[in-house]
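A.B. asks: Sequence below, structure please.
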Amino acid sequence: MEKKQEKLFKGFWGDNGLNDEITKRQYNNIEGLKALIDEKTYWHFLECLPPLRFDGNVFYISEFLTGNLTLRFWKEDKCYFCEVVQLNLNSGEW
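C.D. replies: From the prediction side, this is the model:
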């Protein structure tokens, strides 16, 4: 895989958001794309599907984008983030 991206997108939805960038790239070369998101978006993804590996601050969304790429969400201080990451499931997680 190519080197991870460094750009931090502002938001998940909307103009120039992370979702737009994933769509623009047609799900190619998206690992490492990262966004600063709001609390509402964090909770939306936490509550829409059962999360994978939720530890209170970090969770992975159980619907994969493509192959073994999914979204990781986490809180740092009072900020919320989302990143496209590679996740290999363990037995019992699928």
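A.B. asks: So which residues of the protein form helices?
C.D. replies: 18-24, 39-48 (DSSP state H).
A.B. asks: Relative to Gly32, which of those is closest?
C.D. replies: Taking C-beta to C-beta, helix 18-24 is the member of those nearest to Gly32, at 11.3 Å. In short, each C-beta sits where N, CA and C put it, glycine included.
A.B. asks: which of the residues in the closest one are buried?
C.D. replies: 18-19, 21-22 (16 or more other C-beta atoms under 10 Å).
A.B. asks: Let me see the contact set for the residue nearest to the spatial centre of the chain.
C.D. replies: Here the mean C-alpha position of the chain is nearest to the C-alpha of Leu71 (C-alpha atoms, centre = their mean), at a distance of 2.4 Å. When contacts are counted by C-beta atoms under 8 Å, 6 or more residues apart in numbering, Leu71 touches 45, 60-61, 65, 82-85.
A.B. asks: Please tell me how far Pro87 sits from Thr66.
C.D. replies: If you look again at residue 87, you'll see it is Leu, not Pro. Separation of Leu87 from Thr66 (C-beta to C-beta, to the nearest Å): 12 Å.
A.B. asks: go on, Val58?
C.D. replies: With C-beta to C-beta as the criterion, Val58 and Thr66 are 21 Å apart.
A.B. asks: Kindly report the same for Arg72.
C.D. replies: 15 Å.
A.B. asks: Number of residues surrounding Glu59?
C.D. replies: Not Glu; residue 59 is Phe. 19 (other C-beta atoms under 10 Å).
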